[in-house]
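*Asks:* Need coordinates for the following:
(chains A and B)
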Amino acid sequence: MKILIVDDSSTMRRIIGNVVTQLGYSKEDFDEAEDGVKAWKLLGQSQYDVILTDWNMPNMNGLDLVKKTRAEGTHMKTPIIMITTEGGKGEVITALKAGVNNYIVKPFNAEILKEKLDGVFKK
Amino acid sequence: MSMSQEEIESLMNGIDLAEDEASANAEEENNSSSSMSENDIADLIAQTDLSEEKSEPKKEPLVIAKKEETVTNSSVDEILKEVDQVVSEEVDSSEDLDVDSLLKELEESEAKNENSENIDDILASIENMDDSEEIEEKTDNNIEKIVSEKAKEKAKVEEKKTSASDEKTGKEWAENKIQEGVFPFPADQDTKVVSQLSEVANDTEEKSLQIFDVLSLVLDNNDEASKEIKVNETFVKEQIILLKKLNNKFPNVPEFQENLNLAISAQESNKNLLSIIDAENMKIFGAMELMQFNDINRQKIERVMSVIRKLSSYLNNLFEDERPENEIIVAKHIHGDNSENLLADDDLESLISEFGN
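*Replies:* Next comes the predicted model:
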């Protein structure tokens, strides 16, 4: 299982990584990117089973990354879970329309992520 | 009646004597001084003749002449004496006057001589200073230049000192006002809003990462401890199996039973340790999850910063003047101010009159 964690906050990347390890995954099972541009580069280099991305990021935000991933490349059908502080209804609808598979509003815990991941993999 | 010859001769003698005496006196007078004029003498003589005529008409002339002669002679002598005295006095006075004038003249001449001597000295000194004077003039000019330059430098230093002292007093006054809470903090790097907010966000994220590192270290140590405990646990498990077999085979040996009990207790303690470690790990994970609020609060701060930036750009556009910026000189004290430096009309007039322009 290969996981791509995309977030401009290093603290947040560590948190998500720890949560992933809590779920039984090792540190070698996930990679980190601080914005959409670097994430797109990693997506071109490796194959990932799931993408965990934030919304508000510099250079390329999460919404643009989702649209681009869904439009081109090798990860057009890879599950994408958006983990963001944007909790408005309009923003959730916008993200779902862009192609995200699930949506997590910060703060979250390991159980929520596990539940979302299970739901995505089941699909 | 005709006069006798004797009468005539006596009369003539009387007149001649008077005349001779008068002429002699006149000569003396002339020789000595001319203060007693001849007219005065003649008047005196005339007065004596009239007095003799009045006493005897005929003889009276003779008698009068005689008397007159006698009177005139004595009076003339007296007169002459008086005249001599007067003349001598006048001569003395005149002589005194002359002496005074002479003395004055002498003094003047001496003064002139002294002045002339001073002038001569000066001229001599000037003559001697023909060559050295030029050098002295040059050195004087240099000295003057140096003195003026030093004076200018001193003035500049004093100006700098006064300006530095003024700045110091101004800074101290401003700091006191800030401490009192009257003035806000100055707009520097530590007090600018956007700068401070950005610094807060970056600093909290940095410290959060450090805390995360510590927590991660604890997790790693717990994992290591768990691994060691698991290794012991397998050992204890095998020991339990062995002791059970021995106890079954040799029930009479109580040591086997005792060790079996100890092994079982060790196995339980290992389980307890693992559960404690797991519980600690869960707590650490919970602490890590709480650090998500660092990211949440950072985004809140960035939202405020965005509003401030937009507000700042709006205000800049609002107050911006497209014309070239030229600093306008504004009045410091305007009518209506509560300043103590405002002059009333009377004070203004008195100030103007003091200058007297």
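
*Asks:* What number of residues are in the vicinity of residue A:1?
*Replies:* By other C-beta atoms under 10 Å in any protein chain shown, 14 other residues sit near residue A:1. (C-beta placed from N, C-alpha, C; glycine too.)

*Asks:* ok, it touching residue A:49?
*Replies:* Yes - contact criterion C-beta atoms under 8 Å: residue A:1 and residue A:49 qualify, at 5.3 Å.

*Asks:* The most centrally placed residue in chain A: what's it in contact with?
*Replies:* Geometric centre of chain A, nearest residue: residue A:52, 1.4 Å, by C-alpha atoms, centre = their mean. Shown in contact with residue A:52 (C-beta atoms under 8 Å, 6 or more residues apart in numbering or on different chains): A:3, A:4, A:5, A:6, A:7, A:16, A:81, A:83.

*Asks:* for residue A:112, same thing?
*Replies:* If a contact means C-beta under 8 Å, 6+ apart, then residue A:112 has residue A:104 as its contacts.

*Asks:* what does residue B:216 give?
*Replies:* Contact partners of residue B:216, counting by C-beta under 8 Å, 6+ apart, are A:14, A:18.

*Asks:* check which helix or strand covers it.
*Replies:* Taking DSSP states H and E as the definition, residue B:216 sits inside helix B:193-249.

*Asks:* Buried residues, the very next helix or strand once past that helix. List them.
*Replies:* The helix or strand immediately downstream of helix B:193-249 is helix B:254-290, counting by DSSP H and E. Buried residues in helix B:254-290, counted by 16 or more other C-beta atoms under 10 Å in any protein chain shown: B:256, B:259-260, B:263, B:266-267, B:270, B:273-274, B:277, B:281, B:284-285, B:288-289.

*Asks:* ok, those vs residue A:94, which is closest?
*Replies:* residue B:289 (26.5 Å; C-beta to C-beta).

*Asks:* what's the spacing between the residue of the stretch 101-250 of chain B found nearest chain A and residue A:70?
*Replies:* Nearest residue of the stretch 101-250 of chain B to chain A (C-beta to the nearest C-beta) works out as residue B:208 at 4.6 Å. From residue B:208 across to residue A:70, the span is 33 Å (C-beta to C-beta, to the nearest Å).

*Asks:* quick one, phi/psi of the residue nearest to the centre of chain A?
*Replies:* phi -110, psi 110 (degrees, to the nearest 10).

*Asks:* Which parts of chain A are strands?
*Replies:* In chain A, the segments counted as strands under DSSP state E are A:3-6, A:30-33, A:50-53, A:80-84, A:102-105.

*Asks:* From the contact counts, what lies against the last one?
*Replies:* What that stands for is strand A:102-105. On a contact count with 3 or more C-beta pairs under 8 Å, 6 or more residues apart in numbering or on different chains; DSSP states H and E, strand A:102-105 meets strand A:80-84, helix A:89-98, helix A:110-122.

*Asks:* how does it look with 10 Å?
*Replies:* For strand A:102-105, the helices and strands in contact under the criterion 3 or more C-beta pairs under 10 Å, 6 or more residues apart in numbering or on different chains; DSSP states H and E are strand A:50-53, strand A:80-84, helix A:89-98, helix A:110-122.

*Asks:* ok, of these, where does mean pLDDT dip lowest?
*Replies:* Between the helices and strands packed on strand A:102-105, the one with the least mean pLDDT is helix A:110-122; it has a mean of 85.

*Asks:* Now that one: buried residues?
*Replies:* Quick answer for helix A:110-122 (16+ other C-beta under 10 Å): A:110, A:113, A:116, A:117, A:120.
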